[in-house]
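Undergrad: Here is a sequence with its predicted model. Questions after.
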There are 2 protein chains.
Amino acid sequence: MTSKRVFLNESEMPHAWYNLMADLPEPLPPPLNPGTGQPVGPADLEPIFPKAIIQQEMSPERWIEIPEPVRRMYTLWRPTPLVRATNLEAALKTPARIYYKDESQSPPGSHKPNTAIAQVYYNKQEGVERITTETGAGQWGSSLAMACKLFGVECKIFMVKVSYEQKPYRRSMMQLWGGRVTPSPSRETNAGRQILAADPDCPGSLGIAISEAVEAAVCDPGAKYALGSVLNHVLLHQTIIGLEAEKQFELIGDSPDVVIGCVGGGSNFAGLAFPFIRRRLEGRAIRFVAAEPRSCPSMSRGQYRYDFGDTTRLTPLVKMFTLGHSFVPPGIHAGGLRYHGMAPLVSLCAKLGLVEAVALHQTECFEAARLFACTEGLIPAPETSHAIRTAIVEAIRCRETGEEKCILFNCSGHGLCDLGSYDKYLSGQLEDYEYPQQKIDEALAELPQID
Amino acid sequence: MTSKRVFLNESEMPHAWYNLMADLPEPLPPPLNPGTGQPVGPADLEPIFPKAIIQQEMSPERWIEIPEPVRRMYTLWRPTPLVRATNLEAALKTPARIYYKDESQSPPGSHKPNTAIAQVYYNKQEGVERITTETGAGQWGSSLAMACKLFGVECKIFMVKVSYEQKPYRRSMMQLWGGRVTPSPSRETNAGRQILAADPDCPGSLGIAISEAVEAAVCDPGAKYALGSVLNHVLLHQTIIGLEAEKQFELIGDSPDVVIGCVGGGSNFAGLAFPFIRRRLEGRAIRFVAAEPRSCPSMSRGQYRYDFGDTTRLTPLVKMFTLGHSFVPPGIHAGGLRYHGMAPLVSLCAKLGLVEAVALHQTECFEAARLFACTEGLIPAPETSHAIRTAIVEAIRCRETGEEKCILFNCSGHGLCDLGSYDKYLSGQLEDYEYPQQKIDEALAELPQID
């Protein structure tokens, strides 16, 4: 029997993260101060991030060492297995080989702690006592809460109020790990109070929660802020996924022809793909497919432009594929993919033709997730189902052409806290959304004219 | 850095299950027909179980080969890692070494599929088209549903109505894997209709659900019934846990002094302990501790007697530690531990002095679970928290005595579908129950006088 799961020993876990910026043929356009139009410098970021993180955000170095205490904490669940989806292959009657990197086995159930652990470590090193953040459905908030607890740092999470009320499981998880969870908008910040004054019943949004978390960090000398996707340092920390996968493929003498990940902010896709994009830049023929929801198609239908990272225009301007910061995606079940923009590094890769995008309806993704669960056992997160759908489409194409491709996707998280969404799918209550072009054009028209 | 997690390759996964009956100094008292008082023969069980399972239930063989298709399906999540709880050790400042076998990584999140996969395989081999079962909170039902889907057998689950309504997540999981889930009592069986005629609002019980599932199997020529704990063949299938652990300890040159598991029906405890009890019978000094809830203390306060396996007196009489089949434990959050009896094989081990029992309150167990989650990351099931509490007590004793013991416990499942219970614990809403002796005496007085 061939081995279904490929493991690495802890000693084989990578000692450095990979920084794709060092190898791209074009430099990444710098973030800009929206007031002056000038590039943002390290000093501009110091009120919210520790110095080590700012350095990583801007570093030109190819390899950045993973500190030993971070590696040690990673061993709570890393290295993660590379799994051959043999049962799925059989069900699809495909000549393709389908592999997935299983990031669902971390305690919070996703890839998010790869960066949470690293960020908390650097904050702790610089004497930060509290870290603030925002969370929607709670994947990021729970990962940061766990990381803070493990390193002995306080954690303050502004959770979008509607999720706080509708998703008590993730809230309990954060609280079990010692996180202080506040429904947002709250009365604890000026931003929150202003919103509540205008609309006492405001259900909240990720944009509002970001404003509250940033304000809470800036106003508290013992606190800093942490973000769970989009930024370069977050993508950097996630490259441990692809670096491990590369070693695992070497062990079994195989290598991927197509690398697939779902994209919201872009970090799980980047984490798996970037080490393989390095090989593509060296000349190897590998395709990269970013799977996004049709209801929030930043790469498929957005523009490569300077835009704000948040809805409320607090952040620097970053150059990225965007639907416009005022774009409000509908409430699909893959909450982690509802972001108007795309990580600048992933966006640059797309612009350079290194990464393709596909946009998928949620029902077709749940259908793929069901097939995956019924053959491989694992119940994937709704976000992850976008990657699975894409892998299945590739595998079916191989059946038709007879190509024996090697397909790799990132199993970014499990769906055990999302079974309510599956219930809706199974009972036929899920709706698909296609955004009218006019709405996208309207949001894009609000973008600042810098290019 | 020493290795936190010890893996086995798939080729190192055991090829046979271990049957403790072959090595015990006393034979297991046979199950009896309650009408005749005579031992139950294979033919008596054929209406509900396939022949291969009945043979295993009564087999004197020490080793029973694991069929290749079962081993292949096990590789969806097996071998599971043996993990050194180094962060927990540090928090406890104990000189003890604490290890756990992580059975929480299976797709349904517990050890249950170890037997579900095997049982469905044997049913499929004998042409069974449908398998019926009962489930309370849903751990067993979801494992059986997954196994049925993987082998292409239909699955019919009678789920205790109050859980069906209050625990929709586990129900969705079963349905995603194709299981047909019916709230029990139902109108689909005579047993259910009788109960509903007397009490249309009956919330159901495991006893009633067993009656419905057995009736549904007996009345359908294409169907058989499956049970998730207690019986010898179930415990047999679970021994893969301990057999893997034994190999993993050999790899790192260590071996356990104390082996701990939580007990409801007894299968996860037996699965880890039996291969090590074999070593104890060979002369090695190993202690075995079964951790049960104080609210359902079958080993601590029950008697070793012949009793019915179910509340409604449908099953054969089995000799076991029991609180009496009419004993109704209070609604603690470790639903999987609410069983009036104890597996006959575990009971015999206790009677022979091979296994000790401890009885724990649920709040002290949740406290232990929180410490575990805050140091090791993993959020354990409420059932598993009983094993963790016991391991922590042992480790603290080592701190006091200076003994460098090696402690091993079974991490039988994760708590990601039980976060509502954690919420109650964190908000101080959990109650502890101590059963009055009089109630236990009353239930024991109803036992048949056979001994």
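TA: Arrived safely, thanks for sending.
Undergrad: Excluding chain neighbours, give the residue nearest to whichever residue of the stretch 201-350 of chain A sits closest to chain B in space.
TA: Residue nearest to chain B within the stretch 201-350 of chain A: A:Leu251 (11.2 Å; CB to the nearest CB). Every residue, glycine included, has its C-beta placed from N, CA and C. Closest residue to A:Leu251 apart from its sequence neighbours, by CB to CB, 6 or more residues apart in numbering or on different chains: A:Val6 at 6.0 Å.
Undergrad: Equivalent analysis for A:Ala191, please.
TA: A:Ser211 (4.0 Å).
Undergrad: Next up, the contacts around the one you found.
TA: By CB atoms under 8 Å, 6 or more residues apart in numbering or on different chains, A:Ser211 lies in contact with A:189, A:191-192, A:310, A:312, A:314.
Undergrad: Validate this expectation: A:Ile98 resides in a helix.
TA: No. According to DSSP: H, G, I helix; E, B strand; the rest coil, A:Ile98 belongs to no helix; its state is strand.
Undergrad: Just give me the neighbour total for it.
TA: The local packing of A:Ile98 (other CB atoms under 10 Å in any protein chain shown) involves 28 other residues.
Undergrad: A:Arg305 and A:His340: what is the separation?
TA: Distance of A:Arg305 to A:His340, computed by CB to CB, to the nearest Å: 11 Å.
Undergrad: any common contacting residues for these two?
TA: A:Thr322.
Undergrad: out of the two, which sits in the more crowded spot?
TA: Neighbours per residue (other CB under 10 Å) separate A:Arg305 from A:His340, with A:His340 holding more: 25 against 20.
Undergrad: B:Lys161 versus A:Leu419, what's the distance?
TA: Using CB to CB, we find A:Leu419 at a distance of 19 Å from B:Lys161.
Undergrad: what is the mean pLDDT for the longest helix seen in chain A?
TA: If you go by DSSP state H, chain A has its longest helix at helix A:382-401. Helix A:382-401 shows a mean pLDDT of 98 in the predicted model.
Undergrad: Only alpha carbons, please: show that helix as CSV.
TA: Extracted C-alpha coordinates of helix A:382-401, given in CSV (Å, rounded to 0.1, in the frame of the first residue of the first chain):
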residue,chain,number,x,y,z
PRO,A,382,-16.5,26.7,3.6
GLU,A,383,-13.5,28.8,2.6
THR,A,384,-11.4,25.7,1.8
SER,A,385,-14.2,24.3,-0.3
HIS,A,386,-13.3,26.8,-3.0
ALA,A,387,-9.8,25.2,-3.3
ILE,A,388,-11.3,21.8,-3.3
ARG,A,389,-13.8,22.7,-6.1
THR,A,390,-10.9,24.0,-8.2
ALA,A,391,-8.8,20.9,-7.6
ILE,A,392,-11.8,18.7,-8.6
VAL,A,393,-12.3,20.7,-11.8
GLU,A,394,-8.6,20.3,-12.7
ALA,A,395,-8.8,16.5,-11.9
ILE,A,396,-11.9,16.1,-14.1
ARG,A,397,-10.1,17.9,-16.9
CYS,A,398,-7.3,15.4,-16.5
ARG,A,399,-9.8,12.6,-16.9
GLU,A,400,-10.9,14.1,-20.1
THR,A,401,-7.4,14.8,-21.5
